Every structure is written in C-alpha cells, then in structure tokens.
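Engineer: Pasted the sequence and its predicted model underneath.
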Amino acid sequence: MKNNEAPILRPYSGLKVLDVTRVLASPFASYMLGLLGATVIKIEDPEMKGDTMRHRGGGNAALYEQGLGTAFMAQNSNKQSLTLNLRLSEGQAIFKQLVTSADIVIENLRGGKMSSYGLDYPSLKLIKDNLIYCSLTGYGQNGEKGGHPAYDSVIQAASGIMSLTGTSDTGPMKVGIPLVDYSSGFATAFAIASAVVHRERTGFGQYIDVSMLDTALVLMSSIVTDSLTLGNKPKAHGNSSGPGYSTNQAYRVGSDLLWICASESHQRERLWQVLDRPDIPLDPRFNTQEKARENITILQVEIEKTLSTKTVNEWEFILNEAGVPAMRVRTVPEILDEPHVKSRGLFHQFNAIPGAPLGVSVPLLPFQMSLSPGSIQSAPPVLGQDTDSLLNALGFDDKAIKRLRERKVI
C-alpha cells in the first residue's frame, strides 16, 4: 500500500451481530452486514433443524438433505451457526451471555416471542445498555395486527401490490419474486446502519421496529401519495406503465418482447428518428401526449409495424445507442450469462462448500465501494458448525457442552 492510499477496511469490522432470524428478509439484512465486516452469529433452533430455508425454497434433494438449500445459501455466507433452544431457560441464559459482547440483535420471530423468552429489548438493555436491537415483523410491533404472522406473499396481498400487477383479464397477480422480503431486508440493514452511526455519535443504542407492510407501502410511495392526495384508485396495467405514458411499455417484435421507455420528450423525438417515423408525431391522433395516451393501442400497432422490420436484438442496440432506454425481456439464465453482468463482479463463486456436493454462486452487495468493499470470507455454515467453539469461548468445557446437547439446549 502506498503512503497516500487509504487502507481497505470493511465498515462493520469489529461489530458483533446476534442473528435470531429465519426465512429471507432478516437473514438477508444480517448477510449484508456480514459482507461489510460484521461478525454474525446465527442462532438456530436445534429442534426445528435450523433456519427453515435450509430445507425448502430452492435447491435439490442432496442440498436439502444437508440443510443447504440454495435459498439458504444465497444469504448466509460470512455467518457462524450456533444451535440454541431459546424456549429453555438454559438457552436463554446462554443467549444473555452472548449479548454481553454483542453490538446488535436482529430477530424476526412472531411478535411477542422474544418477550416471552425474556429476551426482548428492555430485558437485554439491562445487560448491554448501548445495545442496538432490531425486530422485523409483518405488521410492526403495535396496532391491531401487530402480533399476526406474515410472509412476503401475504404482504403483497395486504399492501395493494398485487392489485397493481397483472391485467384486467388476469386480475391481481403476485410479483414473481419475494420483493417485500428483500426490500424489508434492505430497510432493516439501513435502519441498523443508521443506529450504528447514532450510537457512534451519542453512545446510545436503541430499539428498531421494521414492518414488512410499512416497507411495501413505502415501495409504492408515488402511488400512495397520489391516492392519499387525490383519492385515486390505481389500476393494474400489465406490460404498460399506465395512462400517464404513451411510449413506455412492452412491444412485440417477432416472438420476443422489447420494453421501450421513452418517457421524456427528447427520448420520444429520438424514438421517432430511429424508427424513421416522422409521421407519428404529426399524426392528429398522436400529436399531443394527451391524444397519444387516448389512442395508445393504435400507437402500439404503428410502432410494432416498424419494429417488425428488424430483429429484437438489432432494435435493442439501435435504440440504446440513440439514447432511448430499451431492453429485450430476458429470462433469468439469459441475463446471468451476459458479459455485462459477469463484468460487474456481482457474484461469489464457491468451488466447494462443506456439505454441498457442488459448486455454488451467491450474490454480493448491489453496490461497489472503492475503499470498503463487501466480500465473502466464509461459506454458508452447516447447521450448528460453530456451536462448540462459541460455547468454549463462553467458558463451557466439552463435558458441559455434552450435557447441554443431551438436554437439547443446543
């Protein structure tokens, strides 16, 4: 390293996270903290065979058998796995010992569970007064639905997201990805990062209440603001961006779909130039945006007539080179195979993972930092792989650990 170069240091190095989470949203949040240097101890229930995603949600029989389903491996690198039964008093006592040296607790158990174990924020704050404690639940900690269970699909239904997806023919449709789970994970990680900064400045920890429903509504901010302000009831528009846009939708090109997003006036001007259709903006049916929106179906036919003269890949290149955003609708394997994606270094490749009979690729952070990049230091753990070493560090000898295992505490 040269004298004038800043050292590479992951931002959360030195912070310890107790991760009492499962499924997707919260494990994703702690994964991002782990990529940025935090020590993450994943607390897993031995009676439930650990995080439920070990055994469902993606993978094959061999991976499920090892408790390493792909949905689990996607967001559990850089973590240690400690099996601990928090329903038992001995398990609760061990967890409290861990808290004395921890900085952050993340939990996503059903509302009230951690309190019933004596492991809620008020109880643990007595042990570690500057603790940052984050709960992620479906509906938050208060309100009439505060204790109700939820998953991504349930919140998609509850939030109105499903009502905006699909068409008038299909009716409401679920978004094809766990959108609310992962966005809630982002919200959780951002909230914790904010609390870490606050603690650095004030010395105080705090409690964080993250709601999946709140997150879903914030994802729809412009739509929600429109509805609250004007009383509008938004509708699903399928492969179109809705009545406010005349040239922002999917167009059929042979057997493919090409999404064109010419939302701005200068982009529409370039679109007509590239298509060699100067007649369209002069046509009385389309010569204002209001008329173009009223006749959007006829306009679509005109655009697709011209698009039929070339291949979808030719148009994708021509349009983007002209400054008109456009992309062919791809499958997931197609986009993953693209040189551009490969050049971004977005994925970490494990040639081998203990317990997994094949190589595994997992996503890293969706942003790049020049001085404090995220990185993977260890593979997703098999269930309980760090239990003995973590308990040894707390002062438990091999005989004591054996007794805990016999009593199903670990």
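Structural biologist: Cool, the structure landed.
Engineer: ok, which stretches of the stretch 101-250 of the chain are helices?
Structural biologist: Here the stretch 101-250 of the chain has its helices, by DSSP state H, counting those that start in this stretch, at 113-116, 121-125, 152-159, 179-202, 212-219, 221-230.
Engineer: do the stretch 301-410 of the chain as well
Structural biologist: Under DSSP H, counting those that start in this stretch, the stretch 301-410 of the chain gives helices at 312-321, 332-336, 339-343, 387-393, 398-406.
Engineer: List the buried residues for the first one?
Structural biologist: Meaning helix 312-321. By 16 or more other C-beta atoms under 10 Å, the buried positions in helix 312-321 come out as 312, 315-316, 319. C-beta: built from backbone N, CA, C; applies to glycine.
Engineer: for residue 392, what are its contacts?
Structural biologist: The contact partners of residue 392, by C-beta atoms under 8 Å, 6 or more residues apart in numbering, come to residue 401.
Engineer: Quick check: it vs residue 404, distance?
Structural biologist: As for residue 392, its distance to residue 404 is 12 Å (criterion: C-beta to C-beta, to the nearest Å).
Engineer: doesn't residue 353 make contact with residue 360?
Structural biologist: Yes. If you go by C-beta atoms under 8 Å, residue 360 and residue 353 touch, sitting 5.4 Å apart.
Engineer: shared neighbours, these two?
Structural biologist: Common neighbours of residue 360 and residue 353, using C-beta under 8 Å, 6+ apart, are 73, 379-380.
Engineer: now those in JSON lines, with neighbour count, distance to residue 201 and pLDDT?
Structural biologist: Listed next are the shared contacts of residue 360 and residue 353 as JSON lines, based on neighbours: other C-beta atoms under 10 Å; distance: C-beta to C-beta, whole Å; pLDDT from 0 to 100:
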{"residue": "73", "neighbour count": "24", "distance to residue 201": "36", "pLDDT": "95"}
{"residue": "379", "neighbour count": "22", "distance to residue 201": "36", "pLDDT": "95"}
{"residue": "380", "neighbour count": "30", "distance to residue 201": "34", "pLDDT": "96"}
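Engineer: nearest to residue 297, of those?
Structural biologist: Within these, proximity to residue 297 (C-beta to C-beta) peaks at residue 73, which comes in at 45.6 Å.
Engineer: That closest one - nearest residue in space that isn't next to it in sequence?
Structural biologist: Spatially, and ignoring its direct neighbours in sequence, residue 73 is nearest to residue 380 (4.4 Å; C-beta to C-beta, 6 or more residues apart in numbering).
Engineer: check contacts around that neighbour.
Structural biologist: Contact partners of residue 380, counting by C-beta under 8 Å, 6+ apart, are 68, 72-73, 76-77, 79, 353, 360, 362.
Engineer: neighbours of residue 272, just the number please.
Structural biologist: 19 (other C-beta atoms under 10 Å).
Engineer: Validate this expectation: it resides in a strand.
Structural biologist: No. Checked against DSSP: H, G, I helix; E, B strand; the rest coil, residue 272 lies outside a strand; its state is helix.
Engineer: Let me see the confidence value for it.
Structural biologist: At residue 272, the model reports a pLDDT of 97.
Engineer: my read: it touches residue 282, true?
Structural biologist: No. Contact status for residue 272 versus residue 282: not in contact, 9.4 Å apart, counting by C-beta under 8 Å.
Engineer: Please identify every residue contacting each of the two.
Structural biologist: Counting by C-beta under 8 Å, 6+ apart, residue 272 and residue 282 have no shared contacts at all.
Engineer: so can I have a markdown table of the helices of the stretch 301-410 of the chain showing distance to residue 89?
Structural biologist: Shown next, in a markdown table, are the helices of the stretch 301-410 of the chain (distance: least, C-beta to C-beta, whole Å):
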| stretch | distance to residue 89 |
| --- | --- |
| helix 312-321 | 62 |
| helix 332-336 | 46 |
| helix 339-343 | 50 |
| helix 387-393 | 16 |
| helix 398-406 | 12 |
